[in-house]
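>>> got a sequence here, can you build the structure:
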Amino acid sequence: MGTIQTLPGTRDILPEEIGYWQYVETITGQILGRAMYQEIRPPIFEQTSLFERGIGEGTDVVGKEMYTFSDRGSRSVTLRPEGTAGVVRAFLQNSLYASGGVQRLWYTGPMFRYERPQAGRQRQFHQIGLELIGSADPRADVEVIALATDILKTLGLQSLTLNLNSVGDRSDRQEYREALVNYFLPYKDQLDPDSQDRLERNPLRILDSKNQRTQEINANAPNILEYLGEKSRKHFDQVQQLLTDLGIDYQLNPALVRGLDYYTHTAFEIQSEDLGAQATVCGGGRYDGLISELGGPDTPAVGWAIGLERLIILLKQQQTVPNMCCDLYIVSKGEAAEAQALVLAQKLRHEGLTVELDLSGSAFGKQFKRADRSGAIGCLVLGDTEAATQTVQVKWMATKEQQELSQTELLRQVGELKAQIERHKATTGHSTHEP
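So this is what the prediction gives:
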């Protein structure tokens, strides 16, 4: 019998890679925390109707890509294909609107869509997202865009482009939808099969087609910016001016419509030139009608999501991620020495040091080799002699300097020990951001 493998479109995130993920989550939490966004953790699965009503039954996500099943209570359940609908459901169910004002929320976790797996696109994928709920002000749109830009730039990403568009309000969108249908109908037989299917259900999605002939037809399609009403035009003009005030470059992209029905007004994507066809790292926009669509009060909102798999690809390319640096590696041999080493390791960890304890019981030579490979700054050595005298040998890996201290003295001078570790890190070029 063969070994059990992961399902197609899923993968293990191994310890050698997890540092990238933790780095992203740490930076994101710091930046969003400074802007007073609070983390929220909705369930991974929800009632199917949440996504049918929220995302739209005419979308590819609902029609083709959701993982939906009946549970033992005969309820239709769906693994979440995106994060916004669940956050909005939590906002309504827990009456977060009752306190008034703006709710600033962010989340992270796995999402699920049955798509063809490829680089940067998995069937179980991960996102970090935020939702600013309760403000129709153009400044809200720009705040969330600015925060996404801050996160990506702080992570060291280069060659980023902000694509910006407005899909107007529902009235604007309906008028534009009719214009698109009238434009595409004479070309129906020349459109790719997916676009033919979308012509009646969701014609705006035709503008997203990657089919070469459909893209040629799209080149002369009506421009949505020409169908914006006065209110929508004013909102979009203010968004552009505020982005300019912040020094955030953007380019208008009238073909950018996003894939979900709930978007209104501002839509945007941040793309990287280093990702090829799957270029979008962050996407989002305003969704003023979603909360009322799900049974809540009429509440404006705007948000975005960053795809972590694609982001990690970029971080690996530029090799900017903090290494997990071991401060001290403890080598021990002999029953008494090994027992003392465990106690010493725990006490040093309680003092805030990163300590790896060799548990192999191997000869000293093999343990020293593992200490070298660990990248530790220092090595603590305990053998029978040290156990008998309650001492420890402190060896600095880069310089091979060595000194003997009593275990009590080592713990009493832990502040100086930390300072020595930092000096050795600086001397040897260790960095919390080295590849």
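
>>> in this structure, what spans have low per-residue confidence?
Confidence mapping of the chain against pLDDT under 70 gives the ranges 57-58, 258-262, 276-278, 319-324, 428-435.

>>> run the last query once more with 50
By pLDDT under 50, the low-scoring segments of the chain are 431-435.

>>> and it, what are its domain boundaries?
15-169+229-318, 328-428 (automatic domain parsing).

>>> deepest in the core, which of the ones you listed is it.
Each of these was scored by mean neighbour count; the highest is domain 15-169+229-318, a mean of 18, by mean count of other C-beta atoms under 10 Å. All C-beta spots, glycine's among them, are computed from the backbone N, C-alpha and C.

>>> residue boundaries of the helices in the stretch 301-435 of the chain?
308-318, 335-350, 364-374, 384-389, 407-412, 414-428 (DSSP state H, counting those that start in this stretch).

>>> closest one to Asn223 among the ones you listed?
helix 308-318 (28.5 Å; C-beta to C-beta).

>>> find the nearest non-adjacent residue to Leu311, please.
Leaving out its chain neighbours, the residue that sits closest to Leu311 by C-beta to C-beta, 6 or more residues apart in numbering is Val281, at 5.8 Å.

>>> follow-up on the earlier one: could I get the domains of the chain in a markdown table, plus columns for distance to Gly9?
What follows is these, written out as a markdown table (distance: least, C-beta to C-beta, whole Å):
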| stretch | distance to Gly9 |
| --- | --- |
| domain 15-169+229-318 | 3 |
| domain 328-428 | 34 |
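
>>> with adjacent residues omitted, what lies nearest to Leu344?
Closest residue in space to Leu344, ignoring its immediate chain neighbours: Gln407 at 6.1 Å, by C-beta to C-beta, 6+ apart.

>>> isn't the one you found right up against Gln340?
Yes - applying C-beta atoms under 8 Å, one finds Gln407 in contact with Gln340, separated by 7.0 Å.

>>> joint contacts of the two?
Contact criterion C-beta atoms under 8 Å, 6 or more residues apart in numbering; residues shared by Gln407 and Gln340: Gln390.

>>> figure out which of the domains of the chain is closest to Lys188.
Proximity to Lys188, assessed across those by C-beta to C-beta, is greatest for domain 15-169+229-318 (17.4 Å).

>>> start and end of the closest one, how far apart?
19 Å (C-alpha to C-alpha, to the nearest Å).

>>> again with stretch 382-402
End to end - C-alpha to C-alpha - stretch 382-402 spans 13 Å.

>>> need the residues that contact it.
Contacts of stretch 382-402 (C-beta under 8 Å, 6+ apart): 330-334, 336-338, 340-341, 344, 364, 371-372, 376-381, 403-408, 410, 420, 424, 427-428.

>>> now stretch 282-289
84, 129, 136, 141, 144, 148, 152, 167, 169-170, 258, 262-270, 299-307.

>>> contact partners for the residue nearest to Leu344?
Gln340, Leu344, Gln390, Thr391, Val392 are the contacts of Gln407 under C-beta under 8 Å, 6+ apart.

>>> now Tyr97
Here Tyr97 is in contact with Phe91, Gln103, Ile133, Gly134, Gly296, Pro297, Thr299 (C-beta under 8 Å, 6+ apart).

>>> the residue found closest to the last one once you drop the neighbours it is linked to in the chain: what secondary structure?
Closest residue to Thr299 apart from its sequence neighbours, by C-beta to C-beta, 6+ apart: Ile291 at 4.2 Å. Per DSSP: H, G, I helix; E, B strand; the rest coil, the local secondary structure of Ile291 is helix.

>>> go on, the one 4 residues further on?
In terms of secondary structure, Gly295 is coil; the call rests on three-state DSSP.

>>> got a list of what it touches?
Gly295 makes contacts with Leu92, as judged by C-beta under 8 Å, 6+ apart.

>>> redo that, cut-off 6 Å
Residues near Gly295 by C-beta atoms under 6 Å, 6 or more residues apart in numbering: none.

>>> going forward, begin numbering at 280 instead of 1
Sounds good: first residue 280 from here, last item Gly574.

>>> spatially nearest residue to Gly362 (excluding sequence neighbours)?
Gly408 (4.6 Å).

>>> tell me the helices and strands packed up against the helix or strand hosting that neighbour.
Using DSSP states H and E, Gly408 sits in strand 403-412. Applying 3 or more C-beta pairs under 6 Å, 6 or more residues apart in numbering; DSSP states H and E, one finds that strand 403-412 contacts strand 382-391, strand 580-586.

>>> and the longest one, which strands flank it?
For strand 382-391, the paired strands and their directions (DSSP bridges) are strand 317-318 (parallel), strand 403-412 (antiparallel).

>>> any idea how far Ala415 is from Gln517?
Using C-beta to C-beta, to the nearest Å, we find Ala415 at a distance of 11 Å from Gln517.

>>> which positions in the helix or strand that contains Ser474 come out as buried?
If you go by DSSP H and E, Ser474 is part of helix 472-480. Neighbour-count burial for helix 472-480, counted by 16 or more other C-beta atoms under 10 Å, picks out Asp473, Ser474, Gln475, Asp476, Arg477, Leu478.

>>> what about the second one, distance to Lys626?
The reference is to Ser474. Taken as C-beta to C-beta, the span from Ser474 to Lys626 is 66 Å.

>>> one more: the last one?
Applying C-beta to C-beta, one obtains 70 Å for the distance of Leu478 from Lys626.
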